[in-house]
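Build the 3D model from these lines:
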Amino acid sequence: MKISGGNIMITFQEAEIRAKIIKAMAHPVRLMMIEFLKGGERSFSEIFNLFKLDKSTVSKHLLVMKEAAIVSSRKEGMDMICTLDVPCITDFFGCVTAVIESKVKKHQACLCR
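Down below sits the predicted model:
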């Protein structure tokens, strides 16, 4: 981190890394997968059964999250077992929900005037 004018700022490189992680989550299917994996390890079969998508599409979504170090997997028999590398990533969703609620309150306040 850099200190500039008394404020703590992240470097551009750190911001790029954060953006990559956020981009890896920025798809409805991936958000649903993360939420599902919040409950613990899940097999590829369980994840696949959540969606009406072909296996290659589900695999591609998981690969995007693996490359961002959000998800990891291991082979178990004929199936792949997936897990969240850092489960606290779901804490981010609470913040997103707070932003949505704030926006709704502001919108409602505007309507009441």
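
gap between His27 and Glu14?
To Glu14, His27 is 23 Å away according to C-beta to C-beta, to the nearest Å. Placement of C-beta: from N, CA and C, glycine included.

before we move on, what about Glu101?
The spacing between Glu101 and Glu14, counted by C-beta to C-beta, is 28 Å.

again with Leu63
Leu63 is 24 Å from Glu14, by C-beta to C-beta.

low pLDDT regions in this structure?
Applying pLDDT under 70 to the chain flags residues 1-6, 113.

Enumerate every residue touching the residue most central in space within the chain.
For the chain, the residue nearest the mean C-alpha position is Met25 (3.6 Å; C-alpha atoms, centre = their mean). Contacts here follow C-beta atoms under 8 Å, 6 or more residues apart in numbering; on that basis Met25 touches 31, 34, 65, 68, 70, 89, 92.

wait, is the first one part of a helix?
Yes. The assignment for Leu31 is a helix, going by DSSP: H, G, I helix; E, B strand; the rest coil.

Run through the residues that contact it.
Listed by C-beta under 8 Å, 6+ apart, the contact set of Leu31 reads 25, 93.
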